[in-house]
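Student: build the 3D model from these lines:
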Amino acid sequence: MTAAALLPILDLVGVAVFAISGALAAGRKSLDLLGVIVIAIVTSVGGGTLRDLLLDRTAFWIVNPKYLVTIIVAALATMAYVRFRRPPDKALQVADALGLAFFAISGAQIAETSGTGGLIAVVMGTITGVFGGVLRDVLCAEIPMILRKGNIYATAAIAGTSAYVVLQDAGVARLWSAAAGMLVIAGLRLAAIIWSLSLPVFTINERR
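Tutor: This next block holds a predicted model:
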């Protein structure tokens with residue numbers, strides 16, 4: 001499979017996984033059907049929409065409405081599943097970690113196709129991966145994961161997209177660079193969830 005063929009697949013998988021995380025977050029707040037779908041959509045398209053606006057592109061879900069269909073189906077399937085089985089305690093975080101990996105790399109690839117350099121590709125990939133989750137948490141009255149003390153979240157996206165860009169510059173095929181970048185992101189985020197890893201916290205001592 002070529003990198004060009006992989007990009008739309010990554011986008012679809014990314015929106016589906018983020019839709020699951022959005023539906024789980026909405027369910028924990030006991031929202032109704034419309035609320036669940038709205039949170040799922042915002043979570044799935046928020047980062048990509050901001051990326052497209054910054055790159056002066058038409059938002060991807062407007063160009064191709066199949067993304068909205070995928071989001072709605074994934075949200076409804078999640079609602080149906082949790083009616084019969086309780087999701088694992090860390091299901092939201094795991095779904096979010098996978099969505100972060102897929103979306104961050106696809107965002108970096110889209111930035112590249114728009115003619116940006118490596119640094120901007122890293123920035124756009126990170127925005128694509130994290131901004132939808134920020135909107136989800138704000139709408140659900142939660143502290144966004146990106147702002148939680150010591151949380152390895154945006155750091156994972158930056159590390160993975162940077163690995164993707166560096167590997168490509170080193171001559172590694174785009175497909176394998178993308179796979180490595182996703183593994184870095186998902187690996188760091190899942191490791192942080194499983195072993196409670198965190199970044200050092202900067203604290204100012206007010207006592208003199």
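Student: helices of the chain, start to end?
Tutor: 3-28, 33-54, 60-63, 66-84, 91-113, 118-139, 154-169, 174-195 (DSSP state H).
Student: contact partners for the closest residue to residue 156 other than its chain neighbours?
Tutor: Leaving aside its sequence neighbours, residue 156 sits nearest to residue 188 (Cβ to Cβ, 6 or more residues apart in numbering; 3.9 Å). From N, CA and C alone the C-beta is placed, and that goes for glycine too. By Cβ atoms under 8 Å, 6 or more residues apart in numbering, the contact list for residue 188 reads 152, 155-156, 159-160.
Student: please report how far residue 188 lies from residue 83.
Tutor: Remark: distance between residue 188 and residue 83 (Cβ to Cβ, to the nearest Å) = 33 Å.
Student: repeat for residue 138
Tutor: 27 Å.
Student: quick one: low-confidence parts of this protein?
Tutor: Counting by pLDDT under 70, the chain shows low-confidence ranges at 1-7, 207-208.
Student: which phi and psi does residue 205 have?
Tutor: Dihedral pair for residue 205: phi -80, psi 110, per degrees, to the nearest 10.
Student: what's the neighbour count on it?
Tutor: 5 (other Cβ atoms under 10 Å).
Student: over to residue 201?
Tutor: Residues near residue 201, counting by other Cβ under 10 Å: 7.
Student: these two touch, right, it and residue 151?
Tutor: No. Residue 201 is beyond contact range of residue 151, at 10.3 Å (criterion: Cβ atoms under 8 Å).
Student: tell me the contacts of the residue nearest the centre of the chain?
Tutor: Nearest to the mean C-alpha position of the chain, by Cα atoms, centre = their mean, lies residue 100 at 2.8 Å. Residues counted as contacts of residue 100 (Cβ under 8 Å, 6+ apart) are 129-130, 133, 153, 156-157, 185-186, 189.
Student: out of everything not next to it in sequence, what's closest to it?
Tutor: residue 129 (4.5 Å).
Student: next one: the one you found from residue 173, what distance?
Tutor: Taking Cβ to Cβ, one finds residue 129 at 22 Å from residue 173.
Student: between the two, who's got more neighbours?
Tutor: residue 129 (35 against 12).
Student: look up how far residue 96 lies from residue 133.
Tutor: Applying Cβ to Cβ, the value for residue 133 to residue 96 is 6 Å.
Student: out of the two, which sits in the busier spot?
Tutor: The neighbour comparison of residue 133 against residue 96 (other Cβ under 10 Å) goes to residue 96, with 29 against 26.
Student: doesn't residue 18 make contact with that one?
Tutor: Yes. In this structure, residue 96 is within contact of residue 18 by Cβ under 8 Å, at 7.4 Å.
Student: give me the common contacts of those two.
Tutor: Common neighbours of residue 96 and residue 18, counting by Cβ under 8 Å, 6+ apart, are residue 133.
Student: compute the first-to-last residue distance for stretch 85-94.
Tutor: Start and end residues of stretch 85-94 are separated by 17 Å (Cα to Cα, to the nearest Å).
Student: for stretch 162-182, same thing?
Tutor: Stretch 162-182 end-to-end distance (Cα to Cα) = 11 Å.
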